[in-house]
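1. Structure for the following, please:
(one chain, ligands or ions: 3)
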Amino acid sequence: MAVGKSAIGQQLSQQLGVPFVDTDAVIVEGHGSIADIFAGRGEHAFREIEARTVARAIETGKSNGSVISLGGGAVLDSGTQQLLGECTVVYLECDASTVAERIARNTGRPLLAGDAMSRWEALFAARRPVYERLANIILDVRSGTVAEIGLHLEERLRQHAALTKEVEK
Ligand SMILES: Nc1ncnc2c1ncn2[C@@H]1O[C@H](COP(=O)(O)OP(=O)(O)OP(=O)(O)O)[C@@H](O)[C@H]1O
Ligand SMILES: O=C(O)C1=C[C@@H](O)[C@@H](O)[C@H](O)C1
Ligand SMILES: [Mg+2]
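-> Ligands and ions are numbered 1, 2, ... in the order given. Predicted coordinates for the structure are as follows:
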């Protein structure tokens, strides 16, 4: 959470000239705030909505390509993990000290209620192996502006695409 998925995803989509979909934003448009969904219907209901939203975004992006920013817990769903096998998955690798100030500024994340940084660190430790396993590209986002990281990511994507093409020959 707060590593820059939405900001960097948006930046990358502009560079590539493809649509950008932020699945958290799509969920909010259709169902109201994430905090309200968690409070009123529970995390399980949120995860079901999230899995459907992610599946639709992947399906829609298939024909012409898109950049999709997922919520931090979306990859815990096994169906989503399977669908991501057809995508180029980028894991934005960050650390607690980089996100601390961002998290303190924004309190709308239900899973970080209470001691936000301890919660962030516990979730990160539990999820990190999943992020690493699913990623095609791991990008260090602990330094650099959003614009700089966007350019670096585009370069890494081009390298990845060239390597994949070479292997497929
Ligand atoms: N490299 C960066 N340098 C400075 N600020 C950044 C950087 N990346 C993101 N930010 C800022 O940090 C905040 C969180 O970024 P963003 O919303 O993109 O993260 P996220 O991973 O999508 O978070 P969430 O878990 O809420 O979906 C935003 O205010 C964003 O502008
Ligand atoms: O890491 C998570 O589980 C979450 C991250 C956010 O992007 C939202 O999808 C929601 O607050 C849950
Ligand atoms: Mg986001």
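
2. which residues touch the nearest residue to residue 76 once chain neighbours are set aside?
-> Excluding the flanking residues, the one nearest residue 76 by CB to CB, 6 or more residues apart in numbering is residue 130, at 6.6 Å. In short, each C-beta sits where N, CA and C put it, glycine included. The contact partners of residue 130, taken as CB atoms under 8 Å, 6 or more residues apart in numbering, are 75, 76, 81.

3. so what pLDDT did residue 130 get?
-> Per-residue confidence for residue 130 comes out at a pLDDT of 97.

4. just the helices in the chain please.
-> Secondary structure of the chain (DSSP state H): helices at 5-16, 23-31, 34-61, 78-84, 96-105, 116-134, 146-168.

5. Redo these as JSON lines? Include distance to ligand 3.
-> Below are the helices of the chain laid out as JSON lines (distance: least, CB to the ion, whole Å):
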{"stretch": "helix 5-16", "distance to ligand 3": "3"}
{"stretch": "helix 23-31", "distance to ligand 3": "5"}
{"stretch": "helix 34-61", "distance to ligand 3": "10"}
{"stretch": "helix 78-84", "distance to ligand 3": "16"}
{"stretch": "helix 96-105", "distance to ligand 3": "11"}
{"stretch": "helix 116-134", "distance to ligand 3": "14"}
{"stretch": "helix 146-168", "distance to ligand 3": "12"}
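
6. Quick check: the gap between the residue nearest in space to the middle of the chain and ligand 3.
-> Centroid-nearest residue in the chain: residue 70, 3.4 Å away (criterion: CA atoms, centre = their mean). Distance of residue 70 to ligand 3, given as CB to the ion, to the nearest Å: 9 Å.

7. these two touch, right, that residue and residue 6?
-> No - look at residue 70 against residue 6 with CB atoms under 8 Å: they stay out of range, at 10.0 Å.
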